[in-house]
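S.K.: From the sequence below, what's the structure:
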Amino acid sequence: MSLTVEVSSEVEEQVVREAARRGVEPSNLVAEVLGREFRPRPNVLSAEETKLYAQINAAPSDKTRRRYRQLIKKRRAETITKAEYQELLDLTNVVEVAHAKRLEAVIELAKLRGISFDEMLDEVGLRTQGYE
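M.R.: Reported below is the predicted structural model:
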């Protein structure tokens, strides 16, 4: 492929000087530099992205979710005791606060990546999860 690029005289002089120092043609030096710049890179998360993904993946324990679902079933069946109902209220708060924190991390990650909240929800797989 052939490509013509306009550069300032200062950049041209630097390229010619560096090519001479290396003993290569200026066009070969430019091709090498561009090749390095645009080579495929492994997908590595930044420290901030790693932190946000950890927050997104944080959820109440299986035991907590299992108990939450049991209590919802009891409430629907109208067999829930007052103590169990209070436990359900407490667990509802735990589950909803955890979900809100996860969504806050999705918002931050979307901003960081320059994509919409909806796109980020799809990417992290939270769109399909609904409330019980």
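
S.K.: and for stretch 62-72, what are the contacting residues?
M.R.: If you take C-beta atoms under 8 Å, 6 or more residues apart in numbering as the criterion, stretch 62-72 is touched by 59, 60, 80, 84, 85, 87, 88, 91, 92, 94, 95, 132. Yep, even glycine has a C-beta here, placed from its N, CA and C like the rest.

S.K.: low-scoring stretches of this structure, by residue?
M.R.: Across the chain, the ranges flagged by pLDDT under 70 are 41-42, 128-132.

S.K.: and if we set it to 50?
M.R.: Per-residue confidence for the chain (pLDDT under 50) gives these ranges: 131-132.

S.K.: Can you show me the helices along it?
M.R.: 9-22, 26-37, 47-57, 62-76, 82-113, 117-124 (DSSP state H).

S.K.: Could you tell me how many residues sit around residue 86?
M.R.: 11 (other C-beta atoms under 10 Å).

S.K.: swap in the one 4 residues further on?
M.R.: Counted with other C-beta under 10 Å, the neighbours of residue 90 add up to 12.

S.K.: what's the answer for the one 3 residues further on, then?
M.R.: If you count neighbours by other C-beta under 10 Å, residue 93 ends up with 10.

S.K.: what's near enough to touch the residue nearest the centre of the chain?
M.R.: The residue lying closest to the centre of the chain (C-alpha atoms, centre = their mean) is residue 109, at 5.1 Å. The contact partners of residue 109, by C-beta under 8 Å, 6+ apart, come to 49, 52, 53, 56, 120, 124.

S.K.: And the buried ones among these, selectable in ChimeraX?
M.R.: Restricted to buried positions by 16 or more other C-beta atoms under 10 Å, the ChimeraX selection for the contacts of residue 109 reads:
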select :52,56,120,124
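
S.K.: Output the contacts of residue 109 in TSV; the columns should cover distance to residue 103.
M.R.: TSV is the format used below for the contacts of residue 109 (distance: C-beta to C-beta, whole Å):
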residue	distance to residue 103
49	16
52	11
53	14
56	9
120	10
124	10
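
S.K.: Alright, calling it a day.
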